[in-house]
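[1] quick one: sequence plus predicted model below, questions after.
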Amino acid sequence: MTELRFPREVYVGEAVDEAVKTWSRFAEFELSETDDHWVVTVTPKHEAAARQIIGEFGNFVLGLTIDRGGVS
Amino acid sequence: MSTDNQTSFTDIPEAVVSVAATDRSVSMVVDSELYPLQAVYGASYIFIDRCYVFIDRPEPGKYRVTLTAKESVEEAEALRQLVGEYANELLSCAWRHQVTQDNRVAIETVTVQAIAGAMGEPSLDDLADFDFTDEALDDPLGIAQSWEDKHGRKSPAEKEQAKAKVPEGEAAEATEAASTEEASA
């Protein structure tokens, strides 16, 4: 289980939601939020590929954020 | 970023970019006054095929970018190269962002003209709907009038009309003045 904290000033919330939907096949996700962060707890379904899943998930969120023009 | 694992990359200026390196990842703290978020986005996007990129906000006015190599990295030199390339890309993106901001009006103008040109000539329907009235042309000073219209010789019919418009009293004075001139001559 890994907790990823995406700062609201950098990452778009919709991008996090969309990435969670896309990656739900590969990991269990729990979403929460603080004043400054979108908090995603990731539990990969395949422990051997955990590093790759978490890393690619982070890239996916960043890519979607950039595609949406970033945080305005 | 803790200072304990401060990098040995002494050739990278820490005032602008400070680097912490572990066995497989590097993280840089970037000054957001020098590098806007859009530039950080741009540089990061270029690296997501080679690295796992995570952007954090450790304190106001700073971004922390963590690059984790997807493939295993054996030498510290490879990480140093990664940081250097990222820093170069960041600078490039920041400069392009600045140029775009400076030339935004010109870019938008040229783009609009290009799109308007690409739309081609107007169709017959467009011409039929076009408003050809001169209402939009307001010319109170008569600048658009030709010289002939404004100062040219009037036709006999126009002269008659002009005489008819002169009031009777003024007409009598004009006749009297004309007779006086004739007498003096």
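    Nice, thanks for sending it over.

[2] ranges for the strands of the chain?
    The chain I'm using is chain A. A:2-7, A:27-33, A:37-44 (DSSP state E).

[3] that answer is for a different chain, and I need it for chain B
    Applying DSSP E to chain B gives strands spanning B:17-21, B:25-31, B:51-56, B:62-69.

[4] I'd like to know which of those strands lies nearest to chain A.
    Evaluated over those, closeness to chain A peaks at strand B:51-56, with 3.2 Å, by Cβ to the nearest Cβ. C-beta coordinates here come from the backbone N, C-alpha and C atoms, glycine included.

[5] which strands or helices does that closest one pack on?
    If contacts are counted by 3 or more Cβ pairs under 8 Å, 6 or more residues apart in numbering or on different chains; DSSP states H and E, strand B:51-56 sits against strand A:2-7, helix A:50-67, helix B:37-47, strand B:62-69.

[6] now do residue B:58 against residue A:10, distance only.
    11 Å (Cβ to Cβ, to the nearest Å).

[7] could you do residue B:154 as well?
    78 Å.

[8] look at those two and report which has more neighbours.
    Between residue B:154 and residue A:10, residue A:10 has the larger neighbour count (other Cβ atoms under 10 Å in any protein chain shown), namely 24 against 10.

[9] the residue nearest to the more buried one when sequence neighbours are not counted: what's it in contact with?
    Leaving aside its sequence neighbours, residue A:10 sits nearest to residue B:55 (Cβ to Cβ, 6 or more residues apart in numbering or on different chains; 4.8 Å). Residue B:55 is in contact with A:7, A:10-11, A:62, B:40, B:44, B:63-66, counting by Cβ atoms under 8 Å, 6 or more residues apart in numbering or on different chains.

[10] thank you, goodbye.
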